[in-house]
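Student: next come a sequence and a model predicted from it.
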Amino acid sequence: MELDLVPRGLAFVIEELPLVDHHVHGASTQDLSRTAFEELITESDRPVPQWMTQFDSQVGYAILRHCAPLLELEPFCAPEEYLARRARLGAAETNRTLLGAAGIGHFLVETGYRAGELLGPSGMAEVSGVPADEVVRLETVAEEVAAAGCEAGAFSRRFEEELWERARTARGLKTVAAYRCGLDFDPAPPTPEEVTDAAGRWLAAGGGRLTDPVLVRYLVWAGIERGLPLQFHVGYGDPDIDLRRSDPLLLRGLVELAEPTGVPLMLLHCYPYHRHAGFLAQVYPNVFFDVGLGVSYAGARAEALVAESLEVAPFAKLLFSSDGFGPAELHYLGAMLWRRAMTRVLGGFVAEGEWSPAQAVRVATMVGAENARRVYGLGAVEPMGMRTR
Amino acid sequence: MELDLVPRGLAFVIEELPLVDHHVHGASTQDLSRTAFEELITESDRPVPQWMTQFDSQVGYAILRHCAPLLELEPFCAPEEYLARRARLGAAETNRTLLGAAGIGHFLVETGYRAGELLGPSGMAEVSGVPADEVVRLETVAEEVAAAGCEAGAFSRRFEEELWERARTARGLKTVAAYRCGLDFDPAPPTPEEVTDAAGRWLAAGGGRLTDPVLVRYLVWAGIERGLPLQFHVGYGDPDIDLRRSDPLLLRGLVELAEPTGVPLMLLHCYPYHRHAGFLAQVYPNVFFDVGLGVSYAGARAEALVAESLEVAPFAKLLFSSDGFGPAELHYLGAMLWRRAMTRVLGGFVAEGEWSPAQAVRVATMVGAENARRVYGLGAVEPMGMRTR
Amino acid sequence: MELDLVPRGLAFVIEELPLVDHHVHGASTQDLSRTAFEELITESDRPVPQWMTQFDSQVGYAILRHCAPLLELEPFCAPEEYLARRARLGAAETNRTLLGAAGIGHFLVETGYRAGELLGPSGMAEVSGVPADEVVRLETVAEEVAAAGCEAGAFSRRFEEELWERARTARGLKTVAAYRCGLDFDPAPPTPEEVTDAAGRWLAAGGGRLTDPVLVRYLVWAGIERGLPLQFHVGYGDPDIDLRRSDPLLLRGLVELAEPTGVPLMLLHCYPYHRHAGFLAQVYPNVFFDVGLGVSYAGARAEALVAESLEVAPFAKLLFSSDGFGPAELHYLGAMLWRRAMTRVLGGFVAEGEWSPAQAVRVATMVGAENARRVYGLGAVEPMGMRTR
């Protein structure tokens, strides 16, 4: 859809909408070398081969197109020029500029991965001037309990104490079961004996990275018990993922077992399985999803992903997230590319006569903010024009 | 593709084409409360959560956009207004209006699911003024045989008698193996002893919902033996489906075993696996498919699904269906959204210079009617202008 | 994207770019009857049913649209007219015309399948006037070793001698593991004892088509040992494929085991799993992919496939191939449809303001030629205007 066919009002509303970024990590606190920067704008954890640059990618071109002007450079400048300017500004100023421009109304910050390099929720709030709450990663809590020293028989009690404590102020929980054992785990909760046995094996081996499927299931069910919305990494991610085993359809058994609890299950990212997630979101009241991460990495193709997410799921079941991690470019692009994509896709529906402008505004507002505010209990959407930016 | 770039002749032909709806259920005979209506415009079988409405979905917006004017309301009216108008008209008048507007030339009505609430083939024919023939669901016949009382040793004979009787006037058969045991069943026909044993276990347990994979395979092979085109539920459906186990690629073994019989295997719906179905339809002469159901539920995104169905399959292997069930809105939208999508997609091919207008007309006519008339033996396509509407 | 919105310079560069067709088979040396021709413009190996023609397909319409004018016929002529003209010209002249019009700068010709009916690398070079090198199919070499007579204990030595000899001048190797045992084979190299045992069973049964998973794994690892880029058939193909077992994600284990060798793994075709391939290409430095074959067969839908291939993979990891086999129409369309699709997709990114024209030119050149030149060591891209055509 050509942008000049999109109704002005719709483009304006989407542009100004204070988004709830319901799954995001902190921005980098450190200045980044070219190597470090390139390694953070890909999901690969391998060194960048000398015969290529990560700037030759959709996300790389999106940075040069959309972030460069925010750093007062010409769009499509050279990577060297971009990084030199970024280095002169420093991490703090770059973060302030890019996080500010993202126009987020509320951040839900997942704190369980490489937190030492990143702004925490309070840092994100301070830099952006909007509220930022925590999402607690279950596996990290368990690993911290193990690292602090713990008997197998006390593990579950210690874990739950710690989780309940951490979750007092948190808005949601997160599991990376997809990375640790695949989503094809047995959906039933393990028995206490199974948990103690598995904890014994894990702790005897020195704890560390928790991958035992029994323990992962235990964490998931403890998270459901806690009752906060539970986020699942689904689909696309770093090569630690076996993408075949992160298809959301593998969660069917768990979705059905968890349905009576009423706990919202939040499927994150989902690319390239976002149509599968849309199906689950249509038929199961407790399933929600987003297409974050993929939208940023798809750059000029973000519109296609967003369009594919707007097929069979009811609009109350779809959310926005950036999954930004590290360079604040990713936080900004997550929001900016989503706004452009939604403007084009919904604007296209309006231009074709299929939707009314009011319907398009309604859906943009639901997906961008209201659904998250309802699910996470964040209070009403701020009225238009009240946002500081 | 903007509609104003589409050749007029193509749009006219598609608009006026008397479609063969080769897989449809009856329209509701009853007036529908708001709750009942909302529960019928989703594949979910769960109550609609109080914090959402199914009208906030592609299909909901398509109803308000396209069905409202047929009920003499403004497009994009409020759901309340729509349902109030619908209630004033009553089920019979609503059905007459919407089924008439669908412009179907021939209905093939699947009668095996919740038939008591729906118009049967003769009712559909009467309301629409066009022929309507039956498609018989194998599992329902088997369950009726069991319900009537039957010894295990007599089951297969009784089933086949009943099936042959029912199929005397039917145009096709249908299996919901995908719902009952998944499409990953052993493709070989079971032995008579296996069937008797499985029937014994099932009947001893009181019959009812038939899910035993041996019996499902038996029904499928009895259907193939009968020789009518055999429809398979594939892909998208209600949460009774394990979507992973309804991938049409799972049918490869059966397709190959059945190939010598020449029986057409009709893959229904297929979303989100329609590209998989297109591959099977290219390489196996006995495989046909459609993207019904998904087209209705995707609303403003129907064009994308239809386009994706027009990739690798020869055009003789693709059909139209609405899979309408219950509210006649679904019957109407299935046809109307397919027409719009085909007009845009094929019109786009013509506008880009890739297809001639004559090719576009030819493919629309094949997919919309001729392929089904050939496969189901419905006689030649009515000449243009002969259609009563 | 309407072509008239695409920057002229971009369209010109893509039109004139001397492509490297990094995976192609020879053109037919024989005149083709209508039956033979229709059987070669589908991946089906079944006779064409009498109630249909393969010309009623995307690839059929693309032939009538784009190849007819090269044979001095009107676009959209009748199939009969097209084939009559083709017969009058004869195979040699048809090949010269169509291969010449493809504008390829360098062919990498896979010689392991039905080579007797097709031009070899030297024939392709002669007809087209550009270099053509060989890609050696591992399974064919092994089958030739068996056919020449070989003891089980000598098999691996004999195979490796033959492979090293054949690969002296070849640019790459190819495996059809996907057809022979599925990509879900055990990724670890088999032991010499396992190879000898499996070879013994195979040779005792008379050799022939090699399908034993142990031997397939052995060939793959011997190919990796040899060190040339190793091409994998992935996804779409003839009905010999179980498409479920040709998902590139199944190669994850092998990709990781092979990563230290630095051997480029080239995933061919990939439809409908090209997004899966793009993920692998993003996260693993040793993975490359293309969307050949699918592009030709998708005809007017080629743009969609190409667009979907330009999402998460870095642009240094994507290549062009036609996978042309037999009728030179397929070689021409592979190139021509790729050019049109790239022009539209990249031109669209430019028209929407997301990419600069220079970025679009850069990516087209990388994907169309430079990536293949680097991976296969073909020397620098010829300067513009130097190409004979």
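Tutor: Yep, that arrived.
Student: contact residues of chain A facing chain C?
Tutor: For chain A, the residues in contact with chain C (C-beta under 8 Å from any C-beta of the partner chain) are A:2-3, A:42-47, A:49, A:51-54, A:56-58, A:60-62, A:65, A:75-76, A:236, A:238-239, A:242-244, A:271-272, A:294, A:297-301, A:304-305. C-betas here are computed from N, CA, C, even on glycine.
Student: give me the subset of the residues you listed lying in strands.
Tutor: Using DSSP state E to define strands, no part of the residues of chain A next to chain C is located there.
Student: which of those count as buried?
Tutor: Neighbour-count burial (16 or more other C-beta atoms under 10 Å in any protein chain shown) applied to the residues of chain A next to chain C gives A:42-44, A:52-54, A:56-58, A:60-62, A:65, A:76, A:236, A:239, A:242-244, A:271-272, A:294, A:297-301, A:304-305.
Student: can you map out the helices along the stretch 1-150 of chain A?
Tutor: Under the criterion DSSP state H, counting those that start in this stretch, the stretch 1-150 of chain A contains helices at A:8-16, A:34-40, A:58-62, A:79-102, A:121-128, A:138-147.
Student: for the ones you listed, which one sits closest to B:E16?
Tutor: helix A:8-16 (34.2 Å; C-beta to C-beta).
Student: and chain B, is the closest one touching that?
Tutor: No: using C-beta under 8 Å from any C-beta, helix A:8-16 never reaches chain B; the gap is at least 14.2 Å.
Student: show me which residues of that helix are buried.
Tutor: With burial defined by 16+ other C-beta under 10 Å, the residues of helix A:8-16 counted as buried are A:10-11, A:13-14.
Student: how about these in a markdown table, adding pLDDT?
Tutor: Below are the buried residues of helix A:8-16 laid out as a markdown table (pLDDT from 0 to 100):
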| residue | pLDDT |
| --- | --- |
| A:L10 | 94 |
| A:A11 | 94 |
| A:V13 | 95 |
| A:I14 | 97 |
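Student: what two of those are the furthest from one another?
Tutor: Across the buried residues of helix A:8-16, no pair lies farther apart than A:A11 and A:V13, at 7.5 Å, counting by C-beta to C-beta.
Student: so what's the residue count around A:R201?
Tutor: For A:R201, the tally of surrounding residues (other C-beta atoms under 10 Å in any protein chain shown) stands at 12.
Student: that one: what's it in contact with?
Tutor: A:D212 (C-beta atoms under 8 Å, 6 or more residues apart in numbering or on different chains).
Student: check which helix or strand covers it.
Tutor: Assigned by DSSP states H and E, A:R201 belongs to helix A:192-204.
Student: okay, now the unreliable bits of the stretch 251-389 of chain A?
Tutor: In the predicted model of the stretch 251-389 of chain A, residues A:381-389 satisfy pLDDT under 70.
Student: which bits of it sit near chain B?
Tutor: So the stretch 251-389 of chain A meets chain B at A:252, A:256, A:275-276, A:279, A:282-285, A:307-308, A:310-317, A:349, A:352-356, A:358-359, A:362-363, A:366, A:374 (C-beta under 8 Å from any C-beta).
Student: at 6 Å instead, please
Tutor: Within the stretch 251-389 of chain A, the positions lying close to chain B (C-beta under 6 Å from any C-beta of the partner chain) are A:252, A:275, A:279, A:282-283, A:285, A:311-312, A:314-316, A:349, A:354-356, A:359.
Student: any idea how many residues pack against A:W164?
Tutor: Count around A:W164 with other C-beta under 10 Å applied: 12.
Student: tell me the pLDDT of it.
Tutor: A:W164 is assigned a predicted lDDT (pLDDT) of 97.
Student: thinking again about what came up before, now distance to A:L330 too, for the helices of the stretch 1-150 of chain A, in CSV please.
Tutor: Output for these, formatted as CSV (distance: least, C-beta to C-beta, whole Å):
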stretch, distance to A:L330
helix A:8-16, 20
helix A:34-40, 8
helix A:58-62, 8
helix A:79-102, 9
helix A:121-128, 13
helix A:138-147, 21
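Student: go through those and pick out the most buried.
Tutor: Stretch with highest mean neighbour count among the helices of the stretch 1-150 of chain A: helix A:58-62 (a mean of 24; mean count of other C-beta atoms under 10 Å in any protein chain shown).
Student: and that one, how far out from the chain middle?
Tutor: Taking C-alpha atoms, centre = their mean, to the nearest Å, one finds the center of helix A:58-62 at 19 Å from the center of the full chain.
Student: next, the buried residues of stretch A:183-199.
Tutor: Neighbour counts over stretch A:183-199 (16+ other C-beta under 10 Å) mark A:183-185, A:187, A:189-190, A:195-196, A:198-199 as buried.
Student: now the terminal residues of it, how far apart.
Tutor: 20 Å (C-alpha to C-alpha, to the nearest Å).
Student: hmm, back to that, between the buried residues of stretch A:183-199, which is closest to B:R217?
Tutor: A:D184 (25.3 Å).
Student: return the residues in contact with the closest one.
Tutor: A:D184 makes contact with A:245, A:250, according to C-beta atoms under 6 Å, 6 or more residues apart in numbering or on different chains.
Student: gap between it and C:Y273?
Tutor: Per C-beta to C-beta, to the nearest Å, A:D184 is found 19 Å from C:Y273.
Student: follow-up on the earlier one: of all the helices of the stretch 1-150 of chain A, which one is nearest C:S321?
Tutor: helix A:58-62 (21.8 Å).
Student: name the helices or strands packed onto the closest one?
Tutor: Helices and strands touching helix A:58-62, by 3 or more C-beta pairs under 6 Å, 6 or more residues apart in numbering or on different chains; DSSP states H and E, are helix A:294-298.
Student: just the C-alpha atoms of the helix it packs on, please, in PDB.
Tutor: Provided in PDB are the C-alpha atoms of helix A:294-298 (Å, rounded to 0.1, in the frame of the first residue of the first chain):
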ATOM      1  CA  GLY A 294      10.800 -10.600  13.200                       C
ATOM      2  CA  VAL A 295       9.400  -7.200  12.400                       C
ATOM      3  CA  SER A 296      12.700  -5.500  13.200                       C
ATOM      4  CA  TYR A 297      14.800  -8.100  11.400                       C
ATOM      5  CA  ALA A 298      12.600  -8.100   8.300                       C
END
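Student: which helices and strands does that helix pack with?
Tutor: Helices and strands touching helix A:294-298, by 3+ C-beta pairs under 6 Å, 6+ apart, are helix A:58-62, helix A:302-309, helix A:328-351.
Student: what's the most buried one of these?
Tutor: For the helices and strands packed on helix A:294-298, the highest mean count by mean count of other C-beta under 10 Å goes to helix A:328-351, at a mean of 26.
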